[in-house]
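A.B. asks: this one's sequence-less:
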Ligand code: TYD
């Protein structure tokens with residue numbers, strides 16, 4: 001019945017925090033399903049493989065957004081809506097806000113087009129709660145890069161792109177403060193999880 005999404009830039013610690021939250025649901029016998037975007041369905045995973053394959057360098061931002069949206073259209077109808085209707089909590093690692101932040105703020109595609117495509121893909125479904133792990137870009141990318149050499153190889157362009165994505169998330173959160181929980185992801189893991197659980201508790205009591 002409650003749809004929760006997690007958002008953040010690369011290296012913000014989404015995966016760790018999601019895993020801890022799922023453990024918490026499990027310990028309380030709360031029926032919760034974890035899924036991810038792009039992917040989460042057989043069709044979605046096939047689309048994900050196209051999207052994330054480094055060989056596809058010629059992919060245009062327009063094609064990219066339609067592929068992300070195709071995967072989303074499938075997961076909403078095949079998984080998310082049916083589970084919510086059965087009374088489950090659905091947790092999704094990234095959702096529509098990733099499109100607005102990455103394709104909109106990051107790549108600069110027109111927001112009104114993105115909103116129309118996204119509304120069509122989701123059939124108007126938006127999360128009840130979006131947990132956003134906010135972290136500065138350098139720290140995030142450094143966490144992702146295993147070695148300093150790897151970090152050094154990252155182009156300045158990439159840093160600038162992720163900075164726009166972060167600003168995008170911050171702007172989106174400011175536009176709908178009721179739906180977003182913004183957490184400072186530079187805090188220790190346990191402190192972050194505590195804030196997430198406190199908010200989720202409130203959300204599932206509704
Ligand atoms: P993934 O390996 O799942 O990254 P992460 O562990 O950070 O979630 O790759 C997903 C990538 O796709 C990530 O860079 C964000 C991007 N993305 C978009 O650009 N638009 C979208 O709509 C979605 C869902 C993801």
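C.D. replies: Done, it's in. Here the structure is a predicted model, which is why all the values come from computation and not from measurement.
A.B. asks: Going by C-alpha atoms from here, please, whenever you check contacts or count neighbours.
C.D. replies: Fine.
A.B. asks: give me every residue that touches residue 47.
C.D. replies: Residue 47 sits next to 38, 39, 67, 68, 70, 71 when contact means CA atoms under 8 Å, 6 or more residues apart in numbering.
A.B. asks: rerun that using 7 Å as the cut-off
C.D. replies: For residue 47, the contact set (CA atoms under 7 Å, 6 or more residues apart in numbering) comprises 67, 71.
A.B. asks: is the host helix or strand of it anywhere near the ligand?
C.D. replies: Assigned by DSSP states H and E, residue 47 falls within helix 42-52. No. Between helix 42-52 and the ligand, judged by CA under 6 Å from any ligand atom, nothing touches; the nearest distance is 6.9 Å.
A.B. asks: List the contacts of the next helix or strand after that helix.
C.D. replies: Counting by DSSP H and E, the next helix or strand C-terminal to helix 42-52 is helix 61-75. The contact list for helix 61-75 (CA under 7 Å, 6+ apart) reads 38, 39, 40, 41, 43, 44, 47, 51, 103, 118, 121, 122.
A.B. asks: Would you mark the buried spots in helix 61-75?
C.D. replies: The neighbour-count check on helix 61-75 (16 or more other CA atoms under 10 Å) flags 65, 67, 68, 69, 70, 71, 72, 73, 74, 75 as buried.
A.B. asks: quick one, the helix holding residue 47 and helix 61-75 angle?
C.D. replies: For helix 42-52 against helix 61-75, the angle by axes from the mean of the first three to the mean of the last three CA atoms, to 10 degrees is 160 degrees.
A.B. asks: other SSEs contacting the lengthiest helix in the chain?
C.D. replies: The longest helix of the chain (DSSP state H) is helix 156-175. Applying 3 or more CA pairs under 7 Å, 6 or more residues apart in numbering; DSSP states H and E, one finds that helix 156-175 makes contact with helix 137-144.
A.B. asks: gap between the helix it packs on and the chain center?
C.D. replies: Distance, stretch centre to chain centre, for helix 137-144: 17 Å (CA atoms, centre = their mean, to the nearest Å).
A.B. asks: What of stretch 48-67?
C.D. replies: On the basis of CA atoms, centre = their mean, stretch 48-67 sits 18 Å off its chain's mean C-alpha point.
A.B. asks: how far does that stretch stretch from start to finish?
C.D. replies: One end of stretch 48-67 sits 8 Å from the other (CA to CA, to the nearest Å).
A.B. asks: got it, and stretch 180-191?
C.D. replies: Across stretch 180-191, the terminal residues are separated by 18 Å (CA to CA).
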